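J.: give me the fold of what follows.
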Amino acid sequence: MKSREIRQKFLDFFKDKGHEIVPSAPMVIQNDPTLMFTNAGMNQFKDYFLGNKESKYPRVADTQKCLRVSGKHNDLEEVGMDTYHHTMFEMLGNWSFGDYFKEEAIKWAWELLTEVYGLPKDRMYASVFGGDEGDKLEVDTEAYNFWKDIVGEDKIIYGSKKDNFWEMGDTGPCGPCSEIHIDLRPESEIAKVPGKDLVNMDHPQVVEIWNLVFMQFNRNADKSLQPLPAQHVDTGMGFERLAMAIQGKQSNYETDVFTEQIAILEKAANVVYGKDEKVDIALRVIVDHIRAISFAVADGQLPSNVKAGYVIRRILRRAVRYGYTFLGFKEPFMNELVPALAEQFSGVFPELEAQQDFIKKVVYEEEVSFLKTLENGLKRMEAIKQEASGKEISGKVAFELYDTYGFPFDLTQLIASESGFTVNEDQFKQEMNVQKERSKSAGKISAGDWTVVKEIEQCEFLGYEQLESNSFISRYRKVSEKGKDQYQIVLDQTPFYAESGGQVGDTGYIEYNGVKTSILDTKKENDLIVHYVKDLPEQLNVEFKSVVSRRKRLLTENNHSATHLLHAALKQVLGDHVQQKGSLVNDKILRFDFSHFSKMSDEEIQQVEDIVNERVRQNIELDEKRNVPIAKAQEMGATALFGEKYGEFVRVITFDPSYSIELCGGTHVPATGTIGLFKIKTETSVAAGVRRIEAVTAEVAETYVRKELNVVNEIREALKNPKDLTKAIEALIKERSDLQKQVEKLNAEKAGNVKQDLLDQFIEINDINLLITQAEFPDADSLKKISFELKNELNNLIMIVAADINGKPMISVMVSESLLSSYDIHAGNLVKELAREIKGGGGGQPFYATAGGKDVSGLPNAVQKAKEFAENLLTVKL
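T.: A predicted model of the protein is given here:
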């Protein structure tokens, strides 16, 4: 059975059981401060479990794109080492929201696995929760009895809290779970050790394929458990492992989920999977990682140096270095896998096919960049070996190679061993732990339990029509982040817009009886509108007046509506390939990221700006439609963003149906004339294939233009009001360039004189040409150039110069390579000692090193110290 058929049979089975089949949520998460990526199928349903929202369907099923790069069994550096763990994977799942519970979940799981997929009943085991004294929880006898009727007692295993009690996080819905494991070993191995003994023992052929979670409790901040008002079912089955079991393979990577990509790599690298363990690991790493990268980019997350973008960049670089080291790929190669991947998932996850060219370009540019970094890392490794005093490389240096150049520890270890070096692994692990702890503490947010003041079904947002309302506090809780305490409050109805879709959250205040409590920010946690306050109001169970900061909101609306006009103008000027890739909209600026593969010309920027301002002057009225069926909105031609999770009904924002129609939940101007003026400040690159425009509108744009004109007028006055300002500036630049050339010529002549003076000062001792002196140089480049020239002209040279460069001290040490093995001298180590005399520091290679400092008066002392070193080295008196 092919993997495509396996997936479809799952969805068809649960559709027949009355489940609504819903699309996968984006793998990159929005509006959830606790997660960067979807790491389980239930993530998109958190609001239903938390009680923030009611599901339209009591039963749903889907296949969800997930990404895991941390936690139990999910350390990124371990993926590829075995045959059954992944970064990106599909999670097949079925859910019940207050509908069916344990009996149906267990019965249907067994029916699907054995009757539809035909998996052998005698090879499968079920685990149930064995209770926990700490939480005062009994054994899950209900699940046990259901399983006993199906598989018999000898196939049931009691699991600990660690293995069989599932929790969403430190707080929130949780409950016992029942796992289904399958034994895929040959009969000969089963005869030696029963599969039951290997469940949850990390055996590659005795694996969990399905986890049935029974949500019964809510975990409070004080760690206590309380029963949920409604019981839910949340199941997750690893698609790749299921394919392995059904297709009778011994590895996930031997299924048709991965074999096509592996075949492409085998051909490109001229290798065969299964012949060499290191090659096999590299192949597994690459075919796993390209999926994670491609889906992340498709969902709008580009590689970068921060947060989720950094995770994606790490994954990509890990794959590149495995290809480089073990498959011999010295040129970009991963991007070539994207077309096959897009075809494989066509009809399942269409975003890959729709953005295939863009994804391929992003991956290619990242590969090019990192391959250069990798080369630099190898050069740095050579320098480290030369600088090492012994035959051990410190763990700190190994961590620098890992953190800066993407070298895994085993690669550093391999390169070091080839030259007879060892690497201090304990130090490396210490540095890794420090980084992990730093990352944990930096992002750690602790939240107390919600205190309910007034029961409500949902917080109603009123901010599209009004900036003020009367509101009651529904609930509140205390949150701590980076040592700062605040409170979150939820209102029964609110005019405050919660940060979403690039638009910042509203600020303002709530007021009762003349006492105001400032609203510092408004955000969404999943679909819950949360208002941040420093301190709670003294009285909570009263009706407040809620007031949005009017000026900030209106300026923000100008910028948000302008991004819609800008998006449409970019498509008009550059082409339909332009897609929004991110935005920031606040009261000061708008920032718009979009897909485009080259720098915009000045003419294109001006054309876009002119089109937007023309639309502003036309004063086009806002056409807002709410609760439009998603299919109808698409028929209208509305622009949807990849990576956004849209419901069945959407809000459509139109500024002239022939110009701009977008799906958008943000706030907007009533008519484009309100924007006043649109001005582009910059157009830059932010990632491969992604450009960024920063612009301003309304009074902010007027202020910007006024300041720019003032600068022009000041320059005009400074140049005595020339008729043609551009020509006057060009003449000034040319005059400066000519003068610079004259200065360089004079410096070269001066340097030539200095070089001759230095040549005259060399003395010969024991066939060594020695120079220790203090001298003035026009610049640092001259010092370096002369040092290398003299090294090439004189044999067996030791040259130590204490240089005064326009009042700044610098020390240079140059040694002929022929002397390094004969004498105890290392330029890098020596220059560090001499640098102390000028209150500085430096270093370099054994044959050449420099140091700068702060105290020019210490140069004579440095010369004296150098002479003492030479006397000891050469056993002479200078």
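J.: how far away is Q618 from I286?
T.: According to C-beta to C-beta, to the nearest Å, Q618 and I286 sit 52 Å apart. Every residue, glycine included, has its C-beta placed from N, CA and C.
J.: what's the answer for E111, then?
T.: 37 Å.
J.: more neighbours: which of those two?
T.: I286 (26 against 14; other C-beta atoms under 10 Å).
J.: any idea which element that one lies in?
T.: helix 277-298 (DSSP states H and E).
J.: and that helix, what does it pack onto?
T.: For helix 277-298, the contact count by 3 or more C-beta pairs under 8 Å, 6 or more residues apart in numbering; DSSP states H and E identifies strand 59-67, strand 88-97, helix 259-269, helix 307-326, helix 338-344, helix 351-354, helix 356-387 as packing neighbours.
J.: so which of these gets nearest D521?
T.: D521 lies closest to helix 307-326 among the helices and strands packed on helix 277-298, at 18.5 Å (C-beta to C-beta).
J.: for N52, grab the count of nearby residues.
T.: As a burial measure, N52 scores 17 neighbours (other C-beta under 10 Å).
J.: residues in contact with S55?
T.: 45, 48, 97 (C-beta atoms under 8 Å, 6 or more residues apart in numbering).
J.: on the three-state scheme, it is what?
T.: Using DSSP: H, G, I helix; E, B strand; the rest coil, the structure places S55 in coil.
J.: against P229, how distant is it?
T.: Applying C-beta to C-beta to S55 and P229 gives a distance of 14 Å.
J.: so where's this protein uncertain?
T.: Applying pLDDT under 70 to the chain picks out residues 31, 33-34, 70-75, 438-445, 642-643.
J.: and the longest helix belonging to it, what's buried?
T.: Taking DSSP state H as the criterion, the chain has its longest helix at helix 725-761. Within helix 725-761, the residues that count as buried by 16 or more other C-beta atoms under 10 Å are 728, 751, 754-755, 758.
J.: stretch 212-226 now?
T.: 212-219.
J.: which ones among those residues are found in helices?
T.: Members of these lying in helices (criterion: DSSP H): none.
J.: OK, contacts around L641?
T.: 300, 579-580, 663.
J.: for these, which one is nearest A870?
T.: G300 (62.8 Å).
J.: and the closest one, how many neighbours?
T.: Using other C-beta under 10 Å: G300 sits among 22 other residues.
J.: which strand or helix spans it?
T.: Going by DSSP H and E, G300 is not in any helix or strand.
J.: now it, what are its backbone angles?
T.: phi 100, psi 0 (degrees, to the nearest 10).
J.: in CSV: the helices and strands packed on helix 277-298, plus distance to V650 and mean neighbour count.
T.: Below are the helices and strands packed on helix 277-298 laid out as CSV (distance: least, C-beta to C-beta, whole Å; neighbours: other C-beta atoms under 10 Å):
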stretch, distance to V650, mean neighbour count
strand 59-67, 19, 23
strand 88-97, 22, 24
helix 259-269, 35, 17
helix 307-326, 25, 22
helix 338-344, 26, 19
helix 351-354, 17, 19
helix 356-387, 24, 18
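J.: now distance to D12 too, for those, in TSV please.
T.: Listed next are the helices and strands packed on helix 277-298 as TSV, based on distance: least, C-beta to C-beta, whole Å:
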stretch	distance to D12
strand 59-67	10
strand 88-97	12
helix 259-269	24
helix 307-326	33
helix 338-344	20
helix 351-354	23
helix 356-387	28
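J.: nearest to D183, out of those?
T.: Among these, strand 88-97 sits nearest to D183 (C-beta to C-beta), with 20.6 Å.
J.: got the angle between that closest one and helix 277-298?
T.: Calculated by axes from the mean of the first three to the mean of the last three C-alpha atoms, to 10 degrees, strand 88-97 forms an angle of 60 degrees with helix 277-298.
J.: quick one, strands of the stretch 1-150 of the chain?
T.: Taking DSSP state E, counting those that start in this stretch, the strands of the stretch 1-150 of the chain run over residues 20-21, 59-67, 88-97, 124-129.
J.: Q607 is nearest to which of the ones you listed?
T.: That would be strand 59-67 among the strands of the stretch 1-150 of the chain, by C-beta to C-beta, at 38.2 Å.
J.: for the closest one, packing partners?
T.: Counting contacts by 3+ C-beta pairs under 8 Å, 6+ apart, strand 59-67 packs against helix 3-16, strand 20-21, strand 88-97, helix 277-298.
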